[in-house]
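[1] got a structure for you, letters missing:
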């Protein structure tokens with residue numbers, strides 16, 4: 001592949017770090033080289049699940065699998081849940097988050113983004129956790145974070161949500177009896193539109209008694 005933006009040095013140029021020649025130019029160019037492939041091939045190359053790649057729903061909740069048994073692409077799609085106005089009111093009162101879009105119908109109706117009362121984004125994420133979490137003791141030891149959380153579509157009272165959870169990346173920890181698992185989470189509404197996307201980060205035991 002040619003180096004498309006190679007800057008040729010001249011007298012005094014190299015000292016100013018402007019000259020790109022030889023191995024330096026090749027390495028600089030390689031840092032900016034994209035890999036184009038299907039989602040399945042990208043997943044195989046990178047060892048990280050790519051959106052659009054195959055998901056495997058075996059009927060066994062992936063939270064029941066140890067690190068040794070989990071595979072990239074293992075997945076579960078949750079049961080649906082309808083979000084009620086009572087859910088929104090309770091969350092506002094319980095947390096103290098009484099932003100007008102969640103509590104004042106008239107003011108919320110004037111909001112150009114919402115056009116009425118909407119659920120808190122964190123309520124949606126909390127309900128989503130309740131949909132995919134397996135409550136019994138098992139290989140999943142702890143949730144230690146969430147990355148890249150985005151709220152994409154407002155959720156209103158009467159909307160129904162569900163979650164697609166997929167093993168995105170598996171990283172064993174050396175010297176520990178557990179490793180890190182990154183899960184791709186997509187919450188959708190009754191129309192199939194994404195309402196929230198994020199990565200769930202968990203610590204999972206390397207082995208677990210059968």
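    Thanks, I have it. What you see is a predicted model, and the numbers here were worked out from it, not measured in a lab.
[2] can you tell me the SS state at residue 164?
    Assigned by DSSP: H, G, I helix; E, B strand; the rest coil, the conformation of residue 164 is strand.
[3] which residues touch it?
    55, 75, 76, 77, 78, 184, 185, 186, 188 (C-beta atoms under 8 Å, 6 or more residues apart in numbering). Placement of C-beta: from N, CA and C, glycine included.
[4] which residues touch residue 143?
    Counting by C-beta under 8 Å, 6+ apart, residue 143 makes contact with 200, 201, 202.
[5] wait, a strand at the first one?
    Same thing as residue 200. Yes: counting by three-state DSSP, residue 200 is located in a strand.
[6] roughly how far apart are residue 153 and residue 42?
    As for residue 153, its distance to residue 42 is 26 Å (criterion: C-beta to C-beta, to the nearest Å).
[7] same question for residue 92.
    For residue 92, the distance to residue 42 equals 42 Å [C-beta to C-beta].
[8] reformat the contacts of residue 143 as TSV; add distance to residue 208, neighbour count and pLDDT.
    What follows is the contacts of residue 143, written out as TSV (distance: C-beta to C-beta, whole Å; neighbours: other C-beta atoms under 10 Å; pLDDT from 0 to 100):
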residue	distance to residue 208	neighbour count	pLDDT
200	19	23	97
201	19	18	98
202	13	18	97
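[9] output the lowest mean pLDDT helix or strand found in the chain.
    The least trusted helix or strand in the chain, going by mean pLDDT, DSSP states H and E, turns out to be helix 22-30, with a mean of 68.
[10] where does pLDDT dip in the chain?
    Across the chain, the ranges flagged by pLDDT under 70 are 1-26, 28-29, 32-33.
[11] rerun that using 50 as the cut-off
    Residues of the chain that meet the criterion pLDDT under 50 lie in 15.
[12] that one: helices as residue ranges?
    For the chain, the helices defined by DSSP state H cover 22-30, 39-46, 85-95, 100-103, 105-110, 121-132.
[13] re earlier: including distance to residue 114 and neighbour count, could the contacts of residue 164 go into CSV?
    Below are these laid out as CSV (distance: C-beta to C-beta, whole Å; neighbours: other C-beta atoms under 10 Å):
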residue, distance to residue 114, neighbour count
55, 32, 16
75, 31, 18
76, 30, 22
77, 27, 16
78, 25, 18
184, 27, 23
185, 23, 22
186, 21, 18
188, 19, 20
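[14] nearest to residue 142 among those?
    residue 185 (16.5 Å; C-beta to C-beta).
[15] my read is that the closest one contacts residue 201, right?
    No: Residue 185 is beyond contact range of residue 201, at 10.6 Å (criterion: C-beta atoms under 8 Å).
[16] if we can go back for a sec, tell me which of the helices of the chain lies nearest to residue 162.
    Minimum separation from residue 162 across those (C-beta to C-beta) falls at helix 121-132, 6.7 Å.
[17] show residues contacting the closest one.
    Here helix 121-132 makes contact (C-beta under 8 Å, 6+ apart) with 76, 78-79, 81, 83, 87-88, 91, 95, 97, 146, 149, 151, 155, 161-163, 165, 185, 187, 195-196, 198.
[18] make it 6 Å
    For helix 121-132, contacts defined as C-beta atoms under 6 Å, 6 or more residues apart in numbering pick out 78, 81, 91, 151, 155, 163, 165, 187, 196.
[19] what angle separates that helix from helix 85-95?
    110 degrees (axes from the mean of the first three to the mean of the last three C-alpha atoms, to 10 degrees).
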